[in-house]
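Prediction below, plus the sequence it came from.
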Amino acid sequence: MKNNLEALRSKHGLTQQELADRVEVSRQTIISLEGGRYNPSILLAYRLARLFQITIEEIFIYSPEENENEKQ
């Protein structure tokens with residue numbers, strides 16, 4: 001799933017470790033999220049949205065095409 005996490009983190013002047021600490025996950029989780037290799041749990045998505053004071057949809061971009069590619 002595509003996302004704007006790295007841009008948001010940079011805009012707010014946070015390191016990956018600082019962001020990880022604030023949302024109670026490992027730095028590796030943040031790295032994986034930013035690289036699009038990991039989709040967050042709903043709880044993590046909510047924590048991120050709340051931290052940045054935006055909606056989940058403003059961070060994570062859902063694409064129906066991605067779902068179709070996973071089925072093949």
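Right, received. Where do you want to start? This one's a predicted model, so the numbers in the text were calculated from it and none came from an experiment.

Quick check: which helices or strands does the helix or strand containing Leu48 pack against?
When elements are assigned from DSSP states H and E, Leu48 belongs to helix 42-52. On a contact count with 3 or more C-beta pairs under 8 Å, 6 or more residues apart in numbering; DSSP states H and E, helix 42-52 meets helix 16-23, helix 56-59. Any C-beta I mention is one placed from the backbone N, CA and C, and that applies to glycine too.

now the first one: how far from the chain's centre is it?
Centre-to-centre, helix 16-23 and its host chain are 12 Å apart (C-alpha atoms, centre = their mean, to the nearest Å).

average model confidence for the helix or strand following it?
With elements assigned by DSSP H and E, the helix or strand that comes after helix 16-23 is helix 27-34. In this model, helix 27-34 has a mean pLDDT of 98.

how about helix 27-34 as PDB, C-alpha atoms only?
Output of helix 27-34 as PDB, limited to C-alpha atoms (Å, rounded to 0.1, in the frame of the first residue of the first chain):
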ATOM      1  CA  ARG A  27      12.100   1.600  13.900                       C
ATOM      2  CA  GLN A  28      12.100  -1.400  11.600                       C
ATOM      3  CA  THR A  29       8.300  -1.100  11.400                       C
ATOM      4  CA  ILE A  30       8.600   2.500  10.300                       C
ATOM      5  CA  ILE A  31      11.200   1.600   7.700                       C
ATOM      6  CA  SER A  32       9.000  -1.200   6.400                       C
ATOM      7  CA  LEU A  33       5.900   1.100   6.300                       C
ATOM      8  CA  GLU A  34       7.800   3.900   4.500                       C
END
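
Which of the residues in that helix are classified as buried?
29-30, 33-34 (16 or more other C-beta atoms under 10 Å).

Which strands and helices lie in contact with it?
Against helix 27-34 (3+ C-beta pairs under 8 Å, 6+ apart) you get helix 5-11, helix 16-23.
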